[in-house]
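Peer 1: Sharing a sequence plus its predicted fold:
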Number of protein chains: 2
Amino acid sequence: MTRHRPTPQVPRPRTAPASDDPDTWLVREDPVSAEELSDLESIFALGNGWLGVRGVLDEGGTSGLPSTYLNSCYEERELTYPEQGYAFPERNQVLIGVPDGTPLRLFVDDQPLDVRDDRPDRHERVLDLRAGTLSRTLHERAPHGRTPSSAPVRVTWTRLVSLVEPAVLGIRCEVTALDRTARVRLHSDLRANPELGDADGDDPRAPTTLDRPLVAEHRVVDRAGGLLAHRTRTSGQRVAAAVTHLVETVTSDDDREEAPAEARIAVAAESDLIRTIVETELAPGQRLVLTKLVAYAHSADQPPAEAGRPHDGDRKTGGGPVRPHDGNGTGGGPVRAELVAAARAALDRAVERGWAGLLADQRAYLDAYWADADVLVDGDPQLQQAVRFALFHLVQAAARTGDRPIPAKGLTGNGYDGHTMWDAEIFVLRVLTYLRPELAAGPLRWRHDTLDQARERARTLRLAGAAFPWRTIGGRECSGYWPAGTAALHVNADIAVAVLRHATATGDLGFLRDTGLELLVETARLWSRVGHYDDAGGFHLHGVTGPDEYTALVNDNLFTNLMARKNLLGAVETACRFPQRARELGVEPAELNAWRAAAEAMHLPYDPKRGVHEQCAGFTALPEWDFAGTDAAEYPLLLHYPYLELYRRQVVKQADVVLAMQDCGSAFTAEEKARNFAYYERRTVRDSSLSACGQAVLAAELGHLDLAYALLAESALHDLHSLGDQTRDGLHVAALAGVWIALVVGFGGFRDEDGGPAFSPRLPPALHRMRFALRWQGRRIQVTVEPDEVTYLLAADGPDGLELRHHGRPVTLVPGRAVTVPLPPAPDPGPEPASPPGRRPRRRNSQAPVEPVTAAPAAARRDPRGNRPGRR
Amino acid sequence: MTRHRPTPQVPRPRTAPASDDPDTWLVREDPVSAEELSDLESIFALGNGWLGVRGVLDEGGTSGLPSTYLNSCYEERELTYPEQGYAFPERNQVLIGVPDGTPLRLFVDDQPLDVRDDRPDRHERVLDLRAGTLSRTLHERAPHGRTPSSAPVRVTWTRLVSLVEPAVLGIRCEVTALDRTARVRLHSDLRANPELGDADGDDPRAPTTLDRPLVAEHRVVDRAGGLLAHRTRTSGQRVAAAVTHLVETVTSDDDREEAPAEARIAVAAESDLIRTIVETELAPGQRLVLTKLVAYAHSADQPPAEAGRPHDGDRKTGGGPVRPHDGNGTGGGPVRAELVAAARAALDRAVERGWAGLLADQRAYLDAYWADADVLVDGDPQLQQAVRFALFHLVQAAARTGDRPIPAKGLTGNGYDGHTMWDAEIFVLRVLTYLRPELAAGPLRWRHDTLDQARERARTLRLAGAAFPWRTIGGRECSGYWPAGTAALHVNADIAVAVLRHATATGDLGFLRDTGLELLVETARLWSRVGHYDDAGGFHLHGVTGPDEYTALVNDNLFTNLMARKNLLGAVETACRFPQRARELGVEPAELNAWRAAAEAMHLPYDPKRGVHEQCAGFTALPEWDFAGTDAAEYPLLLHYPYLELYRRQVVKQADVVLAMQDCGSAFTAEEKARNFAYYERRTVRDSSLSACGQAVLAAELGHLDLAYALLAESALHDLHSLGDQTRDGLHVAALAGVWIALVVGFGGFRDEDGGPAFSPRLPPALHRMRFALRWQGRRIQVTVEPDEVTYLLAADGPDGLELRHHGRPVTLVPGRAVTVPLPPAPDPGPEPASPPGRRPRRRNSQAPVEPVTAAPAAARRDPRGNRPGRR
């Protein structure tokens, strides 16, 4: 078996192209390397937030992870501890693979084609960010690797997961005979419980992959496909998957014909498998075209029509009444017949729409999305591509999520076991709130739906109110290491602040009253119980873990205290706004007074000697990390040092005080921000993918634009260039959202904290122009930043005008009229803060930004300076 | 099946007896209760430190734990974590059950006898603390419970685990026919991998019990027994067990005869089983006497002759050359034949010695032991019994341990998986050092033997020197919850201080040079690396866990810092005493200077506002525990509250500052001790069995004699009256040692810290007299305390005279001459410090101390005020 070295391809324009070069809308891979297949499965994943399909090869087989996921389709598994403890979660929830509809294997003259074994003349995969498709082209001219007898062919597969018909995966396969007649056979499988390749058993952060999670309940075979219905063993979930095939042959590119009689189609079934076999003979130049359509249904409930998108209103999804699934696995799902009917109905709609219709819908959806979401970064096509890649996966993670969680890896892999975490609220929902606010509301409603579980958890923890889980799928705490799990109580404030932000940005008072207030009240109750007053009247939150996981179980984590303060004040304000609803929630005036008092007395640890805020009480007195004695290969530190060492030193995995300065910026003076940033930048190793974007924001705010740009690039290239080492388990969706944050909140200087939109844009030297848009209370604001001036434009179809702040000064906008204002002179930011020795973010060469910085995942891994952020 | 309620019997003299009442040397149980069987298996365990046999019924079957253990005979088992972390131990070491030789089942007229099913007229078990035997007598007069046909009999079983022939278990069974002729059959088993009853699956602290840990390698059957040889599956250990039987019939109590022809003996074998069947018919008054002897050999090595006991010198144990076993399981054991020969040789010696000889040896050993070890507590027979029970199990845990660990449960059960922990050094070895110093040296040499593993662990932890495991059998870290495991670095200082204490108490410079110095040096290197200097020059130990497990990962735990200081200074002093050996260990003068400097700069956290030392930095500023809101049933707190709550409040599981004041008393003024004790007493819930004795010591020192007495009683009755809830898994050997500490260090006021023996005795009001003895540099000092005076007596056979301190004033002793000195008037200690609300230790009624406070385990459990100390 021959393996060749990979040269995965990122766009490499020979001359500097404009940032709107079409190549920046594409992500390509050329030769295939077994080593990189796993990363590329994540990078080439397709999804819509309800259904996710990894970029596996059509030949079948994966790199160890399941290929296909449905949001919240999980199995339960016992959590065992070497030493038990009270309230340690007893069961895990693990995202499972549902029946895999991707295999579409080609045999030419009875020889199987597999690029993992063969050496095609040309092989290319292209993820098209505007079309929303993954296409693959393969020329097999040379004699077959093992048997020289098969005929040369050209094959293309095109795959989409519909953003409009959320239950539907479509694959189009075209096989063209080249020089001579080819006997062509396609094996198209729908397979439950496939055998998975070897996962990486050495990485402690690898996901739990359950063996054969599904139990067959029902199987139907028909003329061109069939249906499989399964249930999980213990979580009480059911899933149905239906498949069908449309066959054509085509003699030339333009001249379509009906399938000739000799294109035979047959369906075979085995346990957990429906295999559709299509056979024909192709004369030279003749082409077989097969469209495979797969549709899913899940008992938890059916994929929703997209919220707030009237152009989708006429498309019904799912069929028949469906009882909601109980996330604890104790309730029953709908009867199987309803699930089968729902899958069939979705499949029928896809057949009716046809391949061309699905493609057209996909493009239309994305055209509308990009009109809002695209951020133009003129002057750095590589970054431009990465930005679009990030925003493409963002919409793939969120478009059809509905009232469900957005997992940390989206549906691009089952890393973190498919759990959702705090970064959904702090990173992903933040961006969605400004790009597509209706998509941010669903996951917050999901939090609201799980409130009973969070209240139960708070009781178990001997606390009050609600304690949301650190890791979960269905709402129950699944974190197995409590010092960096349950103790990270800030997740509760993160949810509350996401509610407040959504209300501010949308002005949606109904949401705030019906969904938001209860979340705010129950989390405020938690803080009120967790905290205590000291003798001098200060309010403290002890024994918690903040965002930085290189310290744990600390007192008065600054981020947590500031966010809890927002939480408490937001609860008071919202309860006063909706007094009737507050009374229904049992909120008494005395309780409001207690929350306000706690917020006002909240202790914010500060080291007067060093003139900086402390990440937690006593942090600045901890011994320093020995960076000089730390080898480059020892990052991420958590894989090479015990928590014992990490926790007791001044080494920061990810932005913590710096994140607090972004999210609660008004709590700091500009001087404090500068001192804090310099202090923590020096100690932050960015072993988490969530770090760089927050650092970029503060670096930009403080005028360190080159540093901000380097940090932005690190964030943007994290998965695409596999700078991290966990891309195989799925993309870091929050880090991808962080790219938008670094651009818009960082270089755009966008702030929302004081009740209205404010911008303080500054372009980094490498960029000529940046343009982004965001939504604000029903309006669309477009901001175009150039080196010396900024143009603000309120969309013409918005409700009315708006006053925003531009570098602190008011600017009034009226719909449809661009306003251009000059940028004030940049103050001298002083010397650039130092990064930890050996951890300086890689600078982009601003003279030649078009050169790829890292060409390939493998290359990045080999590069000792390559940053390898670790877990989250 | 009928179960009757238990009324386990502690001595209940009808009139107040003297403390030397023979009943205080006995522990009795009368009716059998299935509920209590598991506790009684621990209480009635026999052992010698090399071989341990639980007090299981002769009928066979256990309450879920294996019956028979050999020191360090363990199997390995993978440790799995819900979330992995760097340096989390990967494999556990679990003490396993070796072939069980206890079953000796009686059939009368073919009916099996089982007190768990039947209702005997009389049933009594007696543990005789002077004879070193467990005897059981049963009258079966009534018709058999299920079949009325069997003849009435009287049966006695007497069991011993030899303190002299450490490999030998002996059982004597006598069956006497009563009114009419009885057909009697005995099934005597030696069974490997027995099925165990149901363990308590709900308690997270229950031990790991491996199913069928042994693999049969070899079996021999002979005329009266046979031999089984096994190996473990993965840890690479081998074990052999040989059994034989001696049969007699006796017509009367005095008139022995040879076995008549009709006493048939047959041996059957199955997989893992050798069953010897003895059958006969007994006329009324006739008696069958069967002696069963079992001997073990273990590949780790052979049981040693007792160190330093010349009267044992002529007894060889084990046979043939035996290669030491590699504790990591990677090396090979001796060839099986050698092991088989060793077991046979031990069995042959036991046969030669005979039952009467074994009994006589046992009593002689114990007579010598009690002459040194007995503590007379005149005035409280119940306490007297408990003290003797404690000291009996202490010698059972240590007599033949040799250079091996003493597990936390001795060999009385496999609780804590049979691991040894810090309490071996701090409690058990401390007592042995003064009672039988040669028995304390072995476990310290074992620590020295495991130094390579500790050095490797330190490297893994990115530290220096040696990092000894928190839990282990073979020397590798087996702790699965690092915040209360690996982080408890004080275990290293505990070992070092035990070395220093042993050297002071014995004057054994050879031990100090050859074994002690390297332990001191490597642990000093650890502290030097762990600590750091602050800006003001203070030396700090951050991120550690002290003895109190209700706080964890703290900075500057006072106990740890004080013990580390002793460790550092002791290393310096010892290195200077043995410069040549120090040079061999690579100790440089600069290193000595660094250790001395660190010790002198060691930070000791103190709260000037409250005038007390802090258990750790910031402890006294933590919020208080809500004792008023804590239900009595919520103790131990760790089973009802998350660590999240426990860690961040001022609630103390077990003596920590108080233990520091005992072990490092000279670091505190008397006023500081009083203030500290009052402060921490109010916050210490005694959820660990290790707490009360240390509190008793300080209460006694401070003159709170009633409180000290109540705490002593709690410690003494902990297992015997099952005040704790883990007695079933084995006895708390360290707490049993703590009884001696509470008496001798507490009421005796014995201190050794400043280089010589000092006593400040005070009797609690309940006692008329207390007498104890201890060894000091080859001398035996006996101390008799009476209400107004103390008599010191240096044994006549000692080397020369001695000056000790009596309440601070010098007293000179010459061998063989008693010196009586008056007790100075007791200063007013002030009001008694308060205990936590709801956790006041139960007072003994000093008017009627002979009444049992708690009569039975079940009763104690039902009593809501019963203290239920939790995990260690």
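Peer 2: Here it is on my side, so go on.
Peer 1: any idea which element A:R780 lies in?
Peer 2: strand A:779-785 (DSSP states H and E).
Peer 1: Strand partners (parallel or antiparallel) of that strand?
Peer 2: strand A:769-776 (antiparallel), strand A:789-794 (antiparallel) (DSSP bridges).
Peer 1: Report pLDDT for A:A536.
Peer 2: Per-residue pLDDT puts A:A536 at 95.
Peer 1: how near is it to A:A601?
Peer 2: 9 Å (CB to CB, to the nearest Å). No exception for glycine: its C-beta is placed from N, CA and C like everyone else's.
Peer 1: between these two, who's got more neighbours?
Peer 2: Legend: neighbour count by other CB atoms under 10 Å in any protein chain shown for A:A536 and A:A601, higher for A:A601 (16 against 7).
Peer 1: Identify the residue spatially nearest to the more buried one, adjacent ones excluded.
Peer 2: Spatial nearest neighbour of A:A601, excluding adjacent residues (CB to CB, 6 or more residues apart in numbering or on different chains): A:F539 at 3.9 Å.
Peer 1: For the stretch 1-150 of chain A, which residues are neighbours of chain B?
Peer 2: Neighbours of chain B within the stretch 1-150 of chain A, by CB under 8 Å from any CB of the partner chain: A:79-87, A:89, A:92.
Peer 1: Would you list the buried entries among those residues?
Peer 2: By neighbour count, with 16 or more other CB atoms under 10 Å in any protein chain shown, the residues of the stretch 1-150 of chain A next to chain B hold A:79, A:81-83, A:85-87, A:89, A:92 as buried.
Peer 1: As TSV, these with secondary structure and pLDDT would be great.
Peer 2: TSV is the format used below for these (DSSP: H, G, I helix; E, B strand; the rest coil; pLDDT from 0 to 100):
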residue	secondary structure	pLDDT
A:L79	coil	94
A:Y81	coil	94
A:P82	coil	93
A:E83	coil	92
A:G85	coil	95
A:Y86	coil	96
A:A87	coil	96
A:P89	coil	97
A:N92	strand	96
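Peer 1: the helices in the stretch 1-150 of chain A, which residues?
Peer 2: Taking DSSP state H, counting those that start in this stretch as the criterion, the stretch 1-150 of chain A carries its helices at A:34-43.
Peer 1: no, scratch that, I was asking about the stretch 451-600 of chain A
Peer 2: Going by DSSP H, counting those that start in this stretch, the stretch 451-600 of chain A shows helices at A:451-460, A:490-506, A:509-511, A:517-530, A:558-577, A:579-584, A:589-600.
Peer 1: So which of those is nearest chain B?
Peer 2: Comparison of these against chain B by CB to the nearest CB identifies helix A:451-460 as nearest, at 7.8 Å.
Peer 1: buried sites along the closest one?
Peer 2: Quick answer for helix A:451-460 (16+ other CB under 10 Å): A:451, A:453-455, A:457-458.
Peer 1: mind putting these in JSON lines, distance to B:L190 and pLDDT included?
Peer 2: Shown next, in JSON lines, are the buried residues of helix A:451-460 (distance: CB to CB, whole Å; pLDDT from 0 to 100):
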{"residue": "A:L451", "distance to B:L190": "61", "pLDDT": "98"}
{"residue": "A:Q453", "distance to B:L190": "54", "pLDDT": "98"}
{"residue": "A:A454", "distance to B:L190": "57", "pLDDT": "98"}
{"residue": "A:R455", "distance to B:L190": "57", "pLDDT": "98"}
{"residue": "A:R457", "distance to B:L190": "52", "pLDDT": "98"}
{"residue": "A:A458", "distance to B:L190": "55", "pLDDT": "98"}
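Peer 1: for those residues, which one is nearest A:L246?
Peer 2: Sorting those by distance to A:L246 puts A:Q453 at the head of the list, at 44.2 Å, by CB to CB.
Peer 1: what subset of the buried residues of helix A:451-460 is also close to chain B?
Peer 2: Contacts with chain B within the buried residues of helix A:451-460, as defined by CB under 8 Å from any CB: none are present.
Peer 1: Looking at the residues you listed, which is nearest B:S722?
Peer 2: Using CB to CB, the buried residues of helix A:451-460 come closest to B:S722 at A:R457, 34.2 Å.
Peer 1: Just list the residues touching the closest one, thanks.
Peer 2: Neighbouring residues of A:R457 by CB atoms under 8 Å, 6 or more residues apart in numbering or on different chains: A:466-469, A:476-477.
Peer 1: I'd like the distance between it and A:T486.
Peer 2: Separation of A:R457 from A:T486 (CB to CB) stands at 9 Å.
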